[in-house]
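S.K.: structure for this input, please:
(chains A and B)
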Amino acid sequence: MKNLIATKVSNLPPSGIRKFFDIASQMEDVISLGVGEPDFDTPWHIREEGIYTLEKGKTIYTSNSGLLELRQEINRYLSRRFNISYDPQDQILVTVGGSEAIDLVLRAVLNPGDEVLIPEPCFVAYKPCTILAGGVPVTITTKAENDFRLMPEELEAAITEKTKVLILPYPNNPTGAIMEKEDLERIVEVLKDRDILVVSDEIYAELTYGREHVSIASLPGMYEKTLVINGFSKAYSMTGWRMGYAAGPKELIAAMTKIHQYAIMCAPTTSQYAGIEALKNGDTAVAEMRESFDSRRKFVVNGFRSIGMDCFEPLGAFYVFPSIQKSGLTSEEFCSRLLYEEKVAVVPGTAFGDCGEGFIRCSYAYSIDNIKEALRRIEKFMKQFT
Amino acid sequence: MRLKILELLEKNSRLATKDIAIMLGVPQDEVEKEIKEMEKEQVICGYNTLINWDKTNKDLVTALIEVKVTPQRGEGFDKIAERIYRFDEVKAVYLMSGGFDLTVIVEGKTLKDVALFVSQKLATLDSVLSTSTHFVLKKYKDHGIPFEEIKKDERMVVSP
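M.R.: The predicted structure follows:
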């Protein structure tokens, strides 16, 4: 068929991760530090709840926004953990992963030409979702010397009359950066008298180390201007269940629900019941997983530094973002050569924005033995550049 | 720091002190010192290896024996528990709440060995009122580790 694919879609660049996946998955004996999901099974009590509801035949649609009991639990969770409260009736929407919420909010608010500020390096979906929703992505480069935090002057400089949305992707994939309360307060100062919606993607909120995550929605004046996106994938190791949610102002949730009800209907029912169990009784499991990630985090940061690669200390998520400057290679070259020469799969920083050039993303959601072997191979690989 | 060291060692007693030090972000000699002290204080009582003997050609039967005893004045159950745990055949002894007093785990080469041990050594002790022997047929999980499960990383090699 001629002209089958819409220009908007055919012009979208393919995901930089996809390319690597294709090569790496064809090779044998590959040690990977490439995944973006935890290595734990979903805690058994959560899986068991899913099985139980399947046995009971709870396999029908739920309301568009999700089971009321789940929305009530989400509200309790957000109040208890991050001091933000939402009316379960009309301020919370259960989505198919945090990803759907990102897509929904952009489609719900963008008119053609509206600008969306996206701090990079960041998760791969914001830019394409903005474009597909008719908006214009405007990237802000965050820098290693600022620990990859968004600085107020960088934000100020990027704002124009057309700015409609600021994406706030912290704790950050791929850098592992976080925004602390003081950092957020400086951002709030810039946003204070402006009509800019903050889309705060807090999917890694449970995974911060040594500091508690602070939601920008909890800061004075921001509640009405913030959409919080969170979910179950990273906190409860439930990636395959596809469960996320958005919480925010009524008007916005209503608009997002409108799109959701036509496009999706409702999030998977089994997953929703499992989600209730996770929120009610999952705190211990979350704490254990966090603890385990933390020891691996220290291990892997130490590993890169002793190889002689600069590595900023990430305080969130489960990634490190070491610099590959020493090798003199581009991120892509580095990753393909590392893959072919030492059979280690890592992701080029450029997959998360052009400013990721000079970095690689390594996940530490692996066993210590796996991490050790990968570091050993990377060390061997780096020898040729000294 | 002690608890963190213990939690790591409980899962893998072969973890090198060097690695523990990195994971906890403390100097290696401090970790070594703590472990030494905990060994001395018998917080750490030993380092075992978890073995699935069914996969070897060694003959081994395990039995769990419920024992009812008369507690001794002044010593309660401790004295009789000690009388029992001193036998090499006895691998574990626990004081229980409920319908009986002591759980005794006994290992032997054959069913007969274990049965003889119970009838000749255990049941004949003065304070022992009765025994009830249950043989273990198959171990599915021990010390938190499932025996048969082979975990393979099925995640995609690379994902966003």
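
S.K.: what's the domain layout of the chain?
M.R.: Chain wasn't specified; assuming chain A. A:7-42+A:284-381, A:45-282 (automatic domain parsing).

S.K.: meant chain B actually
M.R.: B:2-40, B:53-137.

S.K.: can you get me the start-to-end distance on the shortest one?
M.R.: Criterion CA to CA, to the nearest Å; first-to-last residue distance in domain B:2-40 is 14 Å.

S.K.: find the centremost residue of chain B, please.
M.R.: B:Ala92 (6.5 Å; CA atoms, centre = their mean).

S.K.: helix or strand for that residue, just tell me which one.
M.R.: strand B:90-95 (DSSP states H and E).

S.K.: roughly how far apart are A:Val124 and chain B?
M.R.: 5 Å (CB to the nearest CB, to the nearest Å). In short, each C-beta sits where N, CA and C put it, glycine included.

S.K.: which of the three states applies to that residue?
M.R.: Reducing the assignment at A:Val124 to three states with DSSP: H, G, I helix; E, B strand; the rest coil gives coil.

S.K.: what does the lowest-mean-pLDDT helix or strand in chain B contact?
M.R.: Taking mean pLDDT, DSSP states H and E as the measure, strand B:145-146 is the helix or strand of chain B with the lowest mean score, a mean of 88. The contact list for strand B:145-146 (CB atoms under 8 Å, 6 or more residues apart in numbering or on different chains) reads B:50, B:140.

S.K.: A:Pro137 belongs to a strand?
M.R.: Yes: the assignment for A:Pro137 is a strand, going by three-state DSSP.

S.K.: can you list the domains of chain A in TSV and add mean pLDDT and mean neighbour count?
M.R.: TSV is the format used below for the domains of chain A (pLDDT from 0 to 100; neighbours: other CB atoms under 10 Å in any protein chain shown):
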stretch	mean pLDDT	mean neighbour count
domain A:7-42+A:284-381	94	19
domain A:45-282	98	20
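
S.K.: out of those, which is closest to B:Thr17?
M.R.: Checking the domains of chain A against B:Thr17 by CB to CB gives domain A:7-42+A:284-381 as the closest, at 13.6 Å.

S.K.: return the distance of the longest helix along chain B from the chain's centre.
M.R.: Using DSSP state H to define each element, chain B has its longest helix at helix B:28-40. In this view, helix B:28-40 has its centroid 23 Å away from the chain centroid, taken as CA atoms, centre = their mean, to the nearest Å.

S.K.: now the element after that helix, going C-ward?
M.R.: In N-to-C order, the element after helix B:28-40 by DSSP H and E is strand B:61-69.

S.K.: now the closest residue to the residue nearest to the centre of chain B other than its chain neighbours, what's its secondary structure?
M.R.: Computed as CB to CB, 6 or more residues apart in numbering or on different chains, the closest residue to B:Ala92 that is not its neighbour in sequence is B:Ile105, at 4.1 Å. Recorded secondary structure, B:Ile105: strand (three-state DSSP).

S.K.: swap in A:Ile131?
M.R.: Secondary structure for A:Ile131, judged by three-state DSSP, is helix.

S.K.: is it true that it touches A:Leu12?
M.R.: Yes: shown here, A:Ile131 and A:Leu12 form a contact pair, counting by CB atoms under 8 Å, at 6.6 Å.

S.K.: can you pull the contacts of residue 103?
M.R.: You didn't pick a chain, so chain A it is. So A:Asp103 contacts A:125, A:129, A:132-133 (CB under 8 Å, 6+ apart).

S.K.: nope, chain B please
M.R.: B:64-67, B:92-94, B:96.

S.K.: if we go to 10 Å?
M.R.: B:64-67, B:92-96, B:134 (CB atoms under 10 Å, 6 or more residues apart in numbering or on different chains).

S.K.: kindly reformat those residues as a markdown table containing pLDDT.
M.R.: Below are the contacts of B:Thr103 laid out as a markdown table (pLDDT from 0 to 100):
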| residue | pLDDT |
| --- | --- |
| B:Leu64 | 97 |
| B:Ile65 | 97 |
| B:Glu66 | 97 |
| B:Val67 | 97 |
| B:Ala92 | 97 |
| B:Val93 | 97 |
| B:Tyr94 | 97 |
| B:Leu95 | 96 |
| B:Met96 | 96 |
| B:His134 | 97 |
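
S.K.: which of these tops the neighbour count?
M.R.: Neighbour count (other CB atoms under 10 Å in any protein chain shown) singles out B:Val67 as the most crowded of the contacts of B:Thr103, with 25 neighbours.

S.K.: and the residue nearest to that one when sequence neighbours are not counted, how far from B:Thr124?
M.R.: Spatially, and ignoring its direct neighbours in sequence, B:Val67 is nearest to B:Leu102 (4.3 Å; CB to CB, 6+ apart). Distance, B:Leu102 to B:Thr124, by CB to CB, to the nearest Å: 15 Å.

S.K.: these two: who's more crowded?
M.R.: B:Leu102 (21 against 9).

S.K.: against chain A, how distant is that one?
M.R.: 31 Å.

S.K.: so who does the residue in the stretch 201-350 of chain A that chain B sits nearest to touch?
M.R.: Here the stretch 201-350 of chain A gets closest to chain B at one residue, A:Ser295, 3.6 Å apart by CB to the nearest CB. Counting by CB under 10 Å, 6+ apart, A:Ser295 makes contact with A:209, A:364, A:368, B:4, B:7-8, B:19-20, B:22-25.

S.K.: among the residues you listed, which one sits closest to A:Ala177?
M.R.: Looking across those and measuring by CB to CB, the closest to A:Ala177 is A:Tyr209, at 12.0 Å.

S.K.: helix or strand for A:Asp183, which one?
M.R.: Assigned by DSSP H and E, A:Asp183 falls in helix A:181-191.

S.K.: thought B:Arg14 was touching B:Thr49?
M.R.: Yes: B:Arg14 is in contact with B:Thr49 according to CB atoms under 10 Å; the separation is 8.9 Å.

S.K.: with secondary structure as extra columns, can I get the contacts of A:Ser295 in JSON lines?
M.R.: As requested, those are arranged in JSON lines below (three-state DSSP):
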{"residue": "A:Tyr209", "secondary structure": "coil"}
{"residue": "A:Tyr364", "secondary structure": "coil"}
{"residue": "A:Ile368", "secondary structure": "helix"}
{"residue": "B:Lys4", "secondary structure": "helix"}
{"residue": "B:Glu7", "secondary structure": "helix"}
{"residue": "B:Leu8", "secondary structure": "helix"}
{"residue": "B:Asp19", "secondary structure": "helix"}
{"residue": "B:Ile20", "secondary structure": "helix"}
{"residue": "B:Ile22", "secondary structure": "helix"}
{"residue": "B:Met23", "secondary structure": "helix"}
{"residue": "B:Leu24", "secondary structure": "helix"}
{"residue": "B:Gly25", "secondary structure": "coil"}
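
S.K.: which one of those has the most neighbours?
M.R.: For the contacts of A:Ser295, neighbours tallied by other CB under 10 Å; top is A:Tyr364, 27 neighbours.

S.K.: residues contacting the residue lying closest to A:Val136 once chain neighbours are set aside?
M.R.: Excluding the flanking residues, the one nearest A:Val136 by CB to CB, 6+ apart is A:Glu115, at 4.9 Å. By CB under 10 Å, 6+ apart, the residues touching A:Glu115 are A:130, A:135-138, A:158-166, A:196.
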